[in-house]
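1. the amino acid sequence is not available; the structure is as follows:
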């Protein structure tokens, strides 16, 4: 039988469908356990065995969307939507006492950064926070991450498996091949490399240059981390106390790493998903105007999906938390409207974003500190 079609039954059981068939299956086979956690017995019916085998299909795209976190287990449920397998990556063995995702939230519903840092690696923390502040409304729910609607479809389940079997196959739709076989931009590779982080970035460069040992990295020399360590060790032949030098180097590396991690604590991210970035920007804009006590606001964006979601016309699961937050913030204003504008009429926004990126600006600035031509709205500058 077609496993992708039968996976609909597994999806229905995950979502506690109230149909008679699901109620019977749940009462007989899922007593106090979930569809993902239960196992079938040899004595079970053939139909249940086949449905249970669709678990492998569902695990490739089913993930919990956190609302209040009270029903999601930190360690046994897939809930980190932007992780490849949806499970968090712990930096140590499971911490005793931490069981539900709700225990990772502050009283105001936001993520407890300090607790996240004590449990998970940096990538997992970024992936958790990237999904925004949980709405806190209703129960945690299952979403099918392979569809924008979050609802399971046989078509997307089939495509996931087909692409897994032949990831470079040209038989599938062009946009699927483009998405699943796309390469990381070289710029982003260098930004995330060990060499860039610990040797060549401006922050690291100034730390090394200020050392009493005359260490001076040569920008874009192509040297790897091991080459850099070797060059430091070779200074011993010039009479340098390498024990003290390596102690200094260890302190510099630790300082750089702590500074890098601090970026997570203040929620500064490079969004690889443009849609999430647009939604996060709208949320930040509304948080800012509420903080500044403005009462009449017009939010403009050239992202049709974000504006439609804000207007309640169409929803996309990946930005649901941001949309819920925007609606809560807009309720605090006397007037708040959301307007879709063409990209050709939105040059000023992109020019400011380009200026901020080029100048490494990540905080509030006075308008007077930005050149007037940056606000040009009829062309890119």
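-> That came through fine. Keep in mind that this is a model prediction, so the values were computed, not measured.
2. hey, where'd the helices end up in the stretch 51-200 of the chain?
-> Listed in chain order, the helices of the stretch 51-200 of the chain (DSSP state H, counting those that start in this stretch) span 55-58, 113-119, 122-130, 154-165, 174-180, 186-192, 194-195.
3. surely residue 134 meets residue 64?
-> No - in terms of C-beta atoms under 8 Å, residue 134 does not count as a neighbour of residue 64; the distance is 10.9 Å. The way it works is simple: take the backbone N, C-alpha and C, and place the C-beta from them, glycine included.
4. strands of this structure, start to end?
-> Defined through DSSP state E, the strands belonging to the chain, from first to last, are 62-65, 141-144, 296-301, 335-340.
5. looking at the ones you listed, spot the one closest to residue 206.
-> strand 296-301 (37.1 Å; C-beta to C-beta).
6. now do the closest one: which elements does it pack against?
-> Helices and strands touching strand 296-301, by 3 or more C-beta pairs under 8 Å, 6 or more residues apart in numbering; DSSP states H and E, are helix 274-291, strand 335-340.
7. that strand to strand 335-340, inter-axis angle?
-> Taking axes from the mean of the first three to the mean of the last three C-alpha atoms, to 10 degrees, one finds that strand 296-301 is oriented at 20 degrees with respect to strand 335-340.
8. of all the residues in strand 296-301, which ones are buried?
-> Applying a neighbour-count criterion of 16 or more other C-beta atoms under 10 Å, one finds 297, 299-301 buried in strand 296-301.
9. contact partners of stretch 40-51?
-> Contact partners of stretch 40-51, identified using C-beta atoms under 8 Å, 6 or more residues apart in numbering, comprise 1, 3, 6, 9-10, 13, 25, 28-29, 52.
10. and with 7 Å instead?
-> Contact partners of stretch 40-51, identified using C-beta atoms under 7 Å, 6 or more residues apart in numbering, comprise 1, 6, 9-10, 25, 29, 52.
11. check stretch 308-325 too.
-> The set of residues that contact stretch 308-325 without belonging to it, under C-beta under 7 Å, 6+ apart, is 65, 131-135, 137, 143, 148, 150, 275-276, 279-280, 282-283, 305-306, 326, 338.
12. buried members of those residues into PyMOL, please.
-> If you want just the buried ones from these in PyMOL, going by 16+ other C-beta under 10 Å, the selection is:
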select buried, resi 65+131+132+133+134+135+143+148+150+275+276+279+280+282+283+305+306+326+338
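13. give me the low-pLDDT residue ranges for the chain?
-> Judged by pLDDT under 70, the chain has its weakly predicted residues at 1-2, 92-96, 165-193, 202, 210, 213-214, 216-223, 258-272, 363.
14. apply 50 and report the result again.
-> Counting by pLDDT under 50, the low-confidence segments of the chain come to 168-173, 175-192, 264-266.
15. list the contacts for the residue of the chain most remote from its centre?
-> For the chain, the C-alpha lying farthest from the average C-alpha position belongs to residue 239; by C-alpha atoms, centre = their mean, that distance is 48.2 Å. For residue 239, no residue counts as a contact, taking C-beta under 7 Å, 6+ apart as the criterion.
16. just the one 3 residues further on next, same as before
-> With contacts defined as C-beta under 7 Å, 6+ apart, the neighbours of residue 242 are 233, 235-236.
17. if you rank the residues you listed by neighbours, which is first?
-> residue 235 (15 neighbours; other C-beta atoms under 10 Å).
18. for that one, give me its contacts.
-> 242, 245.
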